[in-house]
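J.: the sequence and its predicted three-dimensional model are supplied below.
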Amino acid sequence: MNHTVTVTVDNSPMDIYVARPENAAAPAPAILVFQEAFGVNAHIRDVADRFAKLGFTAIAPELFHRTGRGVEGSYTDFAALAPHFGALTREGLEADVDATHAWLKSDAAIDAARVSAIGFCLGGRVAYLANARLPLTAAVSFYGGGIAPDLLPLASKQHAPILMFWGGRDGHILPEQYRAVADALTKAEKVHEQVVFGQADHGFFCDARASYNAQAAPQAWALTQAFLQAYDAY
């Protein structure tokens, strides 16, 4: 069961895709699903739906709402998304995270004590950012660009255990960057797992992209589920 709700953030309407589990007998755990740079598109909605089948209420906010509603871009034309991507700010993303969390806390069908987060690319960075702001149960970040060096100081503020995936052939996020993230989390004594798929490129989890990796993606999905279960996210 899925639907869209709308909240207001900074005087801007932000649509949120919500996928709910069927026949839930009790308030369901929630997972925030943060988009790639291509919007809350069919792939992100599919990921949310997959989590709903696992028993989560999956919640995917549209992070480009300040520059357009329903923004979805082509995987072969990133330039067309530049005005939306370039307009993002850390402060704005933090406001979006806070507003999404406030909405889910108001929903009686959601167990607000069990909220986790997952994100991809841009969303991988936002999942890490959200874990520094919210009392999450667990967080998962897929190839989160810009964490190093920009958000390394937030390593000490990570609330929940975090699982991070990287691609060994990712030309956007170099080994020294994801190693810096791991080092910062280790120094901060935070629980974290770092998984590098040596033959995978950026975006390897998305089966709609040319960079999809048929070996890495299912392994990452299985590890994600095991990680969330290990920390009682569902």
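T.: Right, received. Where do you want to start? Numbering: from 1, shown residues only.

J.: what segments of this protein are strands?
T.: In the chain, the strands defined using DSSP state E lie at 2-9, 12-19, 28-34, 57-61, 110-120, 139-142, 162-167, 192-197.

J.: same list (those strands) but as TSV, adding distance to residue 48 and mean pLDDT.
T.: C-betas here are computed from N, CA, C, even on glycine. Conversion of the strands of the chain to TSV gives the following (distance: least, Cβ to Cβ, whole Å; pLDDT from 0 to 100):
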stretch	distance to residue 48	mean pLDDT
strand 2-9	7	97
strand 12-19	4	98
strand 28-34	5	98
strand 57-61	4	98
strand 110-120	10	97
strand 139-142	14	98
strand 162-167	18	98
strand 192-197	22	98
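
J.: now do the helices in this protein.
T.: 42-53, 82-86, 90-105, 122-133, 175-187, 216-230 (DSSP state H).

J.: make TSV out of the strands of the chain and add distance to residue 221.
T.: Below are those laid out as TSV (distance: least, Cβ to Cβ, whole Å):
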stretch	distance to residue 221
strand 2-9	20
strand 12-19	16
strand 28-34	13
strand 57-61	14
strand 110-120	11
strand 139-142	10
strand 162-167	10
strand 192-197	12
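
J.: now mean neighbour count and distance to residue 226 too, for the ones you listed, in a markdown table please.
T.: Formatted as a markdown table, those follow (neighbours: other Cβ atoms under 10 Å; distance: least, Cβ to Cβ, whole Å):
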| stretch | mean neighbour count | distance to residue 226 |
| --- | --- | --- |
| strand 2-9 | 13 | 25 |
| strand 12-19 | 19 | 21 |
| strand 28-34 | 28 | 15 |
| strand 57-61 | 27 | 18 |
| strand 110-120 | 24 | 13 |
| strand 139-142 | 29 | 11 |
| strand 162-167 | 25 | 9 |
| strand 192-197 | 17 | 10 |
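
J.: nearest to residue 75, out of these?
T.: With Cβ to Cβ as the criterion, residue 75 lies closest to strand 110-120 of the strands of the chain, at 12.4 Å.

J.: each with direction, which strands does the closest one pair with?
T.: Paired strands of strand 110-120, with direction, are strand 28-34 (parallel), strand 139-142 (parallel) (DSSP bridges).

J.: distance check, the residue nearest in space to the middle of the chain against residue 141.
T.: By Cα atoms, centre = their mean, the chain has its centre lying nearest to residue 119, at 1.6 Å. Separation of residue 119 from residue 141 (Cβ to Cβ, to the nearest Å): 6 Å.

J.: overlap in contacts of the two?
T.: The contact sets of residue 119 and residue 141 overlap at 125, 127-128 (Cβ atoms under 8 Å, 6 or more residues apart in numbering).

J.: right, and the residue nearest to the centre of the chain touches residue 127 too?
T.: Yes - if you go by Cβ atoms under 8 Å, residue 119 and residue 127 touch, sitting 3.5 Å apart.

J.: need the residues touching each of these two.
T.: Common neighbours of residue 119 and residue 127, counting by Cβ under 8 Å, 6+ apart, are 32, 34, 140-141, 144.
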